[in-house]
Structures are given as C-alpha cells and as structure tokens.
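>>> Okay, sequence plus prediction incoming.
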2 protein chains.
Amino acid sequence: MRIGELSRKSGVSIRMLRFYEAHGLLTPSRTASGYRDYGPDEEEAVIRITLLRAAGMTVPVIRDFLPCALEARGAFEPCDALRMTVRRQIGRVDDRIDSLKRSRAALEAILVQLTLPETRAPAS
Amino acid sequence: MRIGELSRKSGVSIRMLRFYEAHGLLTPSRTASGYRDYGPDEEEAVIRITLLRAAGMTVPVIRDFLPCALEARGAFEPCDALRMTVRRQIGRVDDRIDSLKRSRAALEAILVQLTLPETRAPAS
DNA sequence: ATAGACCGTGACAGCGCTGTCAGGGTCAAG
DNA sequence: CTTGACCCTGACAGCGCTGTCACGGTCTAT
C-alpha cells in the first residue's frame, strides 16, 4: 500500500509517516519508481506508534523501543532496559493524570466562583 | 517584591514572569529605577495562571480570562463567554484524562508482553 | 499523449513556550 | 568606591513536532 492509503487508514498524516521513517520508526520498502510501499507490518507499527505517542513518548524514545515491542525474542538486554522505560513512562502518565485531575478541580472551582460571585460580598 | 523573589516563591522562572507580562497577564508597577514591583495581587495571579496553564489553557486564552477570574463583578457579558470557555476546557481535560488512561492501559499491555514473551510460542 | 491525482525530496515556518546570551544599568554591603 | 547580586531590554535558539510550499517525477484513464 502506498503512503496516501496508509495515511487515510491510520489517520496519521503523510507528513508524519515520512517523519517517522526519517527517524527510523518505519522502514517501508520501495517500488521500482521510488514510491514507499507499506505492508501489514508497517500498518501495525503505525498503530503502536500512535498509542505510544498518545502516552507521551517522544519519537526518539519510541525508536529505541519499537524493535523490542514488535518482536520480544532475541533481544533480552535491551528489553530489560525498555521495561524500565515503560514503567517510568507509566509513572509519568499517572502523574500527568493526577495533575489534570487537580486542574480539573481548579477549573470547577473557578466556574463556581464565576457563577456565584455574590458569595464574595455577602453583607456589605 | 522584585521579580527574583516572586520567581523563588512561585516556582515560575523569571523568564516566564516577564513573558506573562509581555502578554498582558501581569502588570506589576515599576520602581523609580525601572524594576518590576509585584504586590500580593500579582502573587495570587501567578498562582492562578499556573493552575490554568496546568489545565492546558494557553496564555492568550488566560489573558482574556484572568480579569474576569480576578474580580467577577462589573463584567457580566465577558464572564458569560468565559464560563463557556471554562466548561469547554473542562471537557478537553476530561478527554485528555481518558486518552491518558487508554495509553496507560496500552503501556501496561506492552509491559506484560515484554515480560512474558513465551506466551507467543506456547508449544513449538 | 495529456490531464489530474499521486508520489518523491528538501527546506522553511509556526506552535507555545522556555532557556540563554549580550550589553548595560541598580543597589546594598564592605 | 568597588564588588557582586540583582535587574532591565532585545534577540536568537531549541523543543518536538506539523503544515506547507517548491519543484519535479509517476501513474491511470481517456
């Protein structure tokens, strides 16, 4: 499949598919005329990349991470380090969720304050 | 209080305090020699700004928002619009939290997959 | 063979900050 | 009166993408 089709399927822009490739996340084969040719493997990889990115992982980190995530056998040592990376990332995600929850609460408080301004000067 | 002290107190860098001012979020008075002079009001404002920013609001949005948040009386119409803004922002925060929860789950799944690669080839 | 959709590369711009540096005043203490 | 900490402005750089443009080749169908 060519880049346009994959883009439509995955929801990832053509620009970003090329960007991923430039950073070593994807390595599609090429047709005789130089067009990128993506297979089912690349399609799955894009899905994973999207997930990892939604979790806040940067492209360079995913680059180290992806080969291990795609096939877990044969790369014991790196995967050890990558398990750590993933655990740390989970921690960061948790922190971020907490932070957002606190922000949410703050926004709610502000909303109440905007809606009931009288409470500020009850008996003047 | 001068900028360095406020920076230390608030945890916001000097750079950002000046940046906020440049964008109309803060308007400290100046000493005769041109130094910024922050009062308790500005100090509180910085706290609010930090909260709103943690909720994902951009500086321009906060700029419209802050006067209303600081004193709710005398600006009925804008506050109406701003209530909407806050509600929408709460929605965005909720979406983001959901997205992060999904990402978290995906990371957990990957972690399991990294930890138990045998499940891939149970009986070869 | 020619239009129009699609692909290639490379480079530049913009987002919303955030740091840092340059060049130059201000102030309190010794 | 000098030192060192602090402040001023303005400008440039970098983060990690993401869009867009320019210029040119490829493919499909008529």
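Arrived safely.
>>> Tell me what angle the lengthiest helix in chain A forms with helix B:76-115.
Determined from DSSP state H, the single longest helix within chain A is helix A:76-115. Interaxial angle of helix A:76-115 relative to helix B:76-115 (axes from the mean of the first three to the mean of the last three CA atoms, to 10 degrees): 160 degrees.
>>> how about helix A:76-115, does it reach chain B?
Yes - Helix A:76-115 lies within reach of chain B by CB under 8 Å from any CB of the partner chain, at A:79, A:82-83, A:86-87, A:89-90, A:93-94, A:96-97, A:99-104, A:106-108, A:110-111, A:113-115. Glycine gets a C-beta too; all of them are placed from N, C-alpha and C.
>>> Residue of chain A closest to DNA strand C, please.
residue A:4 (2.6 Å; CB to the nearest atom of the strand).
>>> How many residues are close by that residue?
If you count neighbours by other CB atoms under 10 Å in any protein chain shown, residue A:4 ends up with 12.
>>> same thing with residue A:63?
15.
>>> nearest residue to it other than its sequence neighbours?
residue A:24 (4.9 Å; CB to CB, 6 or more residues apart in numbering or on different chains).
>>> which helices and strands sit right next to the one helix or strand the residue of chain A closest to DNA strand C maps to?
Here residue A:4, judged by DSSP states H and E, is contained in helix A:3-10. Using 3 or more CB pairs under 8 Å, 6 or more residues apart in numbering or on different chains; DSSP states H and E, the elements in contact with helix A:3-10 are helix A:14-22, helix A:40-54.
>>> List the strands paired with the next helix or strand after the first one, with their directions.
If you walk from helix A:14-22 toward the C-terminus, the next helix or strand you reach (DSSP H and E) is strand A:29-30. Strand A:29-30 sits in its sheet next to strand A:36-37 (antiparallel), going by DSSP bridges.
>>> The partner strand near DNA strand D at all?
No - Strand A:36-37 lies out of reach of DNA strand D by CB under 7 Å from any atom of the strand, never closer than 10.6 Å.
>>> One more: stretch A:27-34?
Yes - counting by CB under 7 Å from any atom of the strand, DNA strand D has neighbours in stretch A:27-34: A:31-34.
>>> about what we covered before: let me know the angle separating the longest helix of chain A from helix A:40-54.
Counting by the same axes, to 10 degrees, helix A:76-115 lies at 50 degrees to helix A:40-54.
>>> from the middle of its chain, how far away would helix A:76-115 be?
Chain-centre distance of helix A:76-115: 14 Å, with CA atoms, centre = their mean, to the nearest Å.
>>> Let me see the contact set for residue A:94.
Counting by CB atoms under 8 Å, 6 or more residues apart in numbering or on different chains, residue A:94 touches residue B:104.
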